[in-house]
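In: Sequence plus the predicted model coming up.
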Amino acid sequence: MDSLNLLLDGFAQALTIQNLFYAVLGVFLGTAVGVLPGIGPAMTLALLLPITYSVGPDSALIMFAGIYYGGMYGGSTTSILLNTPGESSSVVTAIEGNKMAKKGRAAQALATAAIGSFVAGTIGTLLLVLFAPSVAGQVVKLGNPSNFALILLALFAVTAVLGTSRLRGFIALFLGLAIGLVGGQTGQARLTFGNPLLADGIDIVVVAVAIFAIGEALWVAAHLRRRPLDIIPVGQPWMSREDWGRSWKPWLRGTAFGFPFGALPAGGAEIPTFLSYVTERKLSKHPEEFGKGAIEGVAGPEAANNASAAGTLVPLLAIGLPTTATAAIMLLAIQSYGIETGPQLFDTEPDLVWALLASLFIGNTLLLLLNLPLAPLWAKLLQIPRPYLYAGILFFASLGAYSVSFQPFDLAILLVIGLLGLAMRRFGLPVLPLIIGVILGPKLEEQLTTSLQISSGDVSTLWSEPVAVIVYAFIALALTAIVVSGLRKPKPEAPLNEKEEVSA
Amino acid sequence: MTVVVMYSPDEFGRVALSYGATEAARREERLVVVNPTKGDSYVDTKFAGDDELATLRAMLERLDVESEILHDVVPDIAGAVLHAASSTGASLIVVGIRPRTPVGKLLLGSVAQRLILDAECPVLSVKPDGSEDLLT
């Protein structure tokens, strides 16, 4: 029961007054940004990255974890009351949740979403505590060629599996890899255009803030006046005995879908929430209610998205591979403290990791206590005029980018990459592959050069380890499957959804 | 000639509508109900939703005056009302007056104030007094 003792130590550290304060702050902020469409936890974390300069690593990570979980809760509120998903993970919730709200059952929909998120988040975090250390123990034994293959798999999976168009995904990925190449870290100046200010490379914080915050702000500015949406008024969330009876099984099944999908390198909450919805529709004793506001259709997907949020922390903590935008920014935060991420994290920084895990339990409980009574208050946030909101975001974005190295040049880069972010939104390019590419590109290169140094230039070292061979075989299989299915039924191009919210 | 009413789906909008309808009937003029939004927030409680719009239409149909509804997304609320007034040759604008806290006065502008200062015709400002319930 080594893990248990370590976890209890983690609780002791996470329950100090200071860390508890950061946890409360995190869940408040997280819920708020989750409620607002377009502003997600990833953007919030990117804007808050400068905080890592002045706050200890445990406090900062505890707050970030609170924002991550809080965003999942907040997204469901907007989905249910407004039929506009706050986050990509709550798209499915809107299907039944908004119908329930229109039937006057908004209170029950919010309650089953919040309690389901709590149940799934707690079980998911427990699974994370059980699995992550052993996964890390296995991964740490792998050599550089296997790590190279794993990073390649993560890049491929995030790009090819998620999102509607693979072409757009790969365009975004290569844009990200290109930005990651800039600089002279390898001893050779690449893509610096002779500019000494580019010699150190483009700081990832600047890229993240530009893509998430500036890109989104420009996009909103371009679509400022929209017809306001009808919001359904809501009182205190509550559930009857029958609602509990119909909800608890979907919660558990949603958790079972969410966690494994989150833990896979092709993480994300879109697939498990959808699978959970389809399953509940099949298994429901009230199939006639589906499409008209069935409580199972809210309970299952909401549990799935929180469980997958816990699941994505497995590859993040155990391998150092982020699979969602928010996880990517959390990785940046850890690295900004000079802490080496990867499988050795559990050995080198046990205090930090276990305090983070303990804070996930605390944050989850706080969210339940906070969200059940405060739901009507969160809905009021939607009345804030967007100009006020985005003026604040632009201010913090510029401040954050400037504070990286106090170079006005960074602000110019911020604007240029921000315009790139606007263009990506305009043309429907997903932003996740770009961010993952910027973060993992240099790591990929490092693993490659190290393996080639060890083998003194022999390329065959790349497939000298069994794990690497399995991973390559898996990638090849997936590629073939994609190509075959693409050749079989040439589908007409789906119309580009102009108003699509960016999955951040 | 018309009577322009600045409407919102709450007691202030309804009391304005109530007085506006009475005036329009007395003057034998057309009633123009304006309910604009700036459209810069996800939710605007002063902008009538589909249900509220249907209720408003039903209310107007019961009245004995000719009426129309202007329900648009505009950059400037007071400007939209003033434009509606000048373009239809309004003889009167009716607006419901909202109480405001000192902090609210510091932070927010007042649509009613701009209407009163900038309108070319008389402006009737009314407060909820029970007559707003006569309509429903």
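Out: Received it, and whenever you're ready, just let me know what you need. Fair warning: this is a prediction, and the values are worked out from it, not measured in the lab.

In: which parts of chain B sit against chain A?
Out: B:37-45, B:47, B:49-51, B:73, B:75 (Cβ under 8 Å from any Cβ of the partner chain). No exception for glycine: its C-beta is placed from N, CA and C like everyone else's.

In: Could you tell me which residues within the helix or strand bottoming out on mean pLDDT in chain B count as buried?
Out: Every helix and strand of chain B was ranked by mean pLDDT, DSSP states H and E. The lowest is helix B:102-107, at a mean of 79. Within helix B:102-107, no residue counts as buried by 16 or more other Cβ atoms under 10 Å in any protein chain shown.

In: what residues does the helix or strand just after it touch?
Out: For helix B:102-107, the following helix or strand on the C-terminal side (DSSP states H and E) is helix B:111-118. Residues outside helix B:111-118 that contact it (Cβ atoms under 8 Å, 6 or more residues apart in numbering or on different chains): B:M6, B:I77, B:A78, B:V81, B:L82, B:I93, B:V95, B:G96, B:I97, B:R98, B:V123, B:S125.

In: let's see it at 7 Å
Out: B:M6, B:I77, B:A78, B:V81, B:L82, B:I93, B:V95, B:I97, B:V123, B:S125 (Cβ atoms under 7 Å, 6 or more residues apart in numbering or on different chains).

In: thinking again about what came up before, could you write out the alpha-carbon coordinates of the least confident helix or strand of chain B in PDB?
Out: C-alpha atoms of helix B:102-107 as PDB (Å, rounded to 0.1, in the frame of the first residue of the first chain):
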ATOM      1  CA  PRO B 102     -24.800  54.800  -7.700                       C
ATOM      2  CA  VAL B 103     -22.300  52.200  -9.000                       C
ATOM      3  CA  GLY B 104     -24.600  51.400 -11.900                       C
ATOM      4  CA  LYS B 105     -24.700  55.100 -12.800                       C
ATOM      5  CA  LEU B 106     -20.900  55.200 -12.700                       C
ATOM      6  CA  LEU B 107     -20.500  52.200 -14.900                       C
END
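
In: in the chain, what spans have low per-residue confidence?
Out: Going with chain A. A:1, A:86-87, A:162-164, A:266-268, A:489-504 (pLDDT under 70).

In: that's the wrong chain, I wanted chain B
Out: Applying pLDDT under 70 to chain B picks out residues B:135-136.

In: for the longest helix along it, packing partners?
Out: As assigned by DSSP state H, the longest helix anywhere in chain B is helix B:11-27. Helix B:11-27 sits against strand B:2-6, strand B:30-34, strand B:90-96, strand B:123-126, with contacts defined as 3 or more Cβ pairs under 7 Å, 6 or more residues apart in numbering or on different chains; DSSP states H and E.

In: Out of the ones you listed, flag the one nearest A:L152.
Out: Between A:L152 and those, the shortest separation by Cβ to Cβ is 60.6 Å, and it involves strand B:30-34.

In: From the chain's centroid, how far away is that closest one?
Out: What separates the centre of strand B:30-34 from the centre of its chain is 8 Å, taken as Cα atoms, centre = their mean, to the nearest Å.

In: Contacts only, for the closest residue to A:K103 other than its chain neighbours.
Out: Counting by Cβ to Cβ, 6 or more residues apart in numbering or on different chains, A:K103 lies nearest to A:G293, which is 4.9 Å off, once chain neighbours are set aside. Going by Cβ under 7 Å, 6+ apart, A:G293 touches A:E96, A:K99, A:M100, A:K103, A:R105.

In: Looking at the residues you listed, which are in helices?
Out: Those of the contacts of A:G293 mapping onto helices are A:E96, A:K99, A:M100, per DSSP H.
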